[in-house]
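Peer 1: need a structure here:
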Amino acid sequence: MLTMRPAAERGHFDFGWLDTCHSFSFGNYRDPAHDQFRALRVLNEDRVQPGQGFGTHGHRDMEILTWVLEGSLAHQDSMGQAGTLRPGDAQRMSAGTGITHSEFNASGTEVVHFLQIWVLPGRPGLTPEYEQRHFPAGDRRNRLRLIASPGGEDGAMRWHQEVRLHAALLDAGASVSLPLAPGRAAWVQVGHGRVEVNGAELGPGDGAALEQEALVALKALTGAEVLVFDLA
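Peer 2: Okay, here's the model as predicted:
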């Protein structure tokens, strides 16, 4: 069973400096029909204007992953970590017992376009952690590259939940698939381009939940960038 989450039906706010879309309830956006999907709690698509960003703010008991689609995003946090994320870079924070951080567009001329992902941890009260890794385009070209998992295998980042996150850059006409074990589900999120997912067409910003399916079958209708979550 595949359930579409069209981009145009997400929560949307334009604050001038920030244009943001929420696949699930977040902040002032409340949608009981879309509070979360299994352990996937937040999936926001953000565009931040040059020189703007999120001032210092706190988080607790959440696995937070940031994935940049375009531009550059500067980060600083209470663990002493600081750096800049660009396309192909992934940042993972386990907020655990509590962290504070800030995020700003590192460019004075270009918009930064990124996805912010929150996954519920397996248990509360974890010690805060930070990871940042680069996943080259060649490693994601026409294949599903593991980005984060509970075991951190194959060079993936390790987070504290039974969720496996894959990323792919697909050329037009390319096909890839991900088998799903019995009882598991998937969420597909399109960053760029158009893809066919188990026979349904998705465009930029569209998402889809898949349950009671044996696999996720992706075919790129144009060049595309896609994230696929394999969830318990």
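Peer 1: helices and strands around the helix or strand bottoming out on mean pLDDT in the chain, which ones?
Peer 2: Sorting the helices and strands of the chain by mean pLDDT, DSSP states H and E puts strand 53-59 at the bottom, at a mean of 80. When contacts are defined as 3 or more C-beta pairs under 8 Å, 6 or more residues apart in numbering; DSSP states H and E, strand 53-59 packs onto strand 99-105. Backbone N, C-alpha and C define where each C-beta goes, glycine included.
Peer 1: Pairing partners for the strand it packs on, with directions?
Peer 2: strand 53-59 (antiparallel), strand 73-77 (antiparallel) (DSSP bridges).
Peer 1: Just say which of these is most tucked in.
Peer 2: Burial of these is given as mean neighbour count (mean count of other C-beta atoms under 10 Å); strand 73-77 ranks first at a mean of 20.
Peer 1: Identify the residues contacting it?
Peer 2: If you take C-beta atoms under 8 Å, 6 or more residues apart in numbering as the criterion, strand 73-77 is touched by 48, 53, 66, 81-86, 91, 93, 99-106, 112, 114, 130.
Peer 1: my guess is residue 162 contacts residue 39, does it?
Peer 2: Yes: using C-beta atoms under 8 Å, residue 162 is in contact with residue 39, at 7.3 Å.
Peer 1: residues shared between the contacts of those two?
Peer 2: With C-beta under 8 Å, 6+ apart as the test, residue 162 and residue 39 both reach 231, 232.
Peer 1: Next SSE downstream of the least confident helix or strand of the chain?
Peer 2: strand 63-70 (DSSP states H and E).
Peer 1: what's the helix or strand for residue 188?
Peer 2: Following DSSP H and E, one finds residue 188 within strand 185-192.
Peer 1: meant to ask about residue 50
Peer 2: Applying DSSP H and E, one finds residue 50 in no helix or strand.
Peer 1: Tell me the pLDDT of it.
Peer 2: You'll see residue 50 listed with a pLDDT of 96.
Peer 1: Near it, how many residues? Count them for me, please.
Peer 2: Counted by other C-beta atoms under 10 Å, the residues lying close to residue 50 total 16.
Peer 1: Confirm for me that it is in contact with residue 108.
Peer 2: Yes: Residue 50 is within contact range of residue 108, at 5.1 Å (criterion: C-beta under 8 Å).
Peer 1: okay, now residue 139: neighbour count?
Peer 2: With other C-beta under 10 Å as criterion, residue 139 counts 16.
Peer 1: Ramachandran angles for residue 140?
Peer 2: Backbone torsions for residue 140, taken as degrees, to the nearest 10, come to phi -110, psi 0.
Peer 1: Kindly report the same for the one 5 residues further on.
Peer 2: Residue 145 adopts backbone torsions of phi -90, psi 130, taken as degrees, to the nearest 10.
Peer 1: So in terms of bridging, what pairs with it?
Peer 2: With DSSP bridges as the rule, residue 145 is bridged to residue 167.
Peer 1: Renumber starting at 708 from here on
Peer 2: Right, with 708 as the first residue, what we last looked at is residue 852.
Peer 1: Make sure it is actually in contact with residue 873.
Peer 2: Yes: between residue 852 and residue 873 a contact is recorded at 6.2 Å, counting by C-beta under 8 Å.
Peer 1: who's in contact with residue 717?
Peer 2: 728, 729, 730, 752, 912.
Peer 1: Please apply the same query to residue 851.
Peer 2: 873, 874, 875, 883, 885, 935.
Peer 1: Can I get the buried part of the contacts of strand 780-784 as one PyMOL selection?
Peer 2: Listed next is the PyMOL selection for buried residues among the contacts of strand 780-784, using 16 or more other C-beta atoms under 10 Å:
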select buried, resi 755+760+773+792+798+800+806+808+810+811+812+813+819+821+837
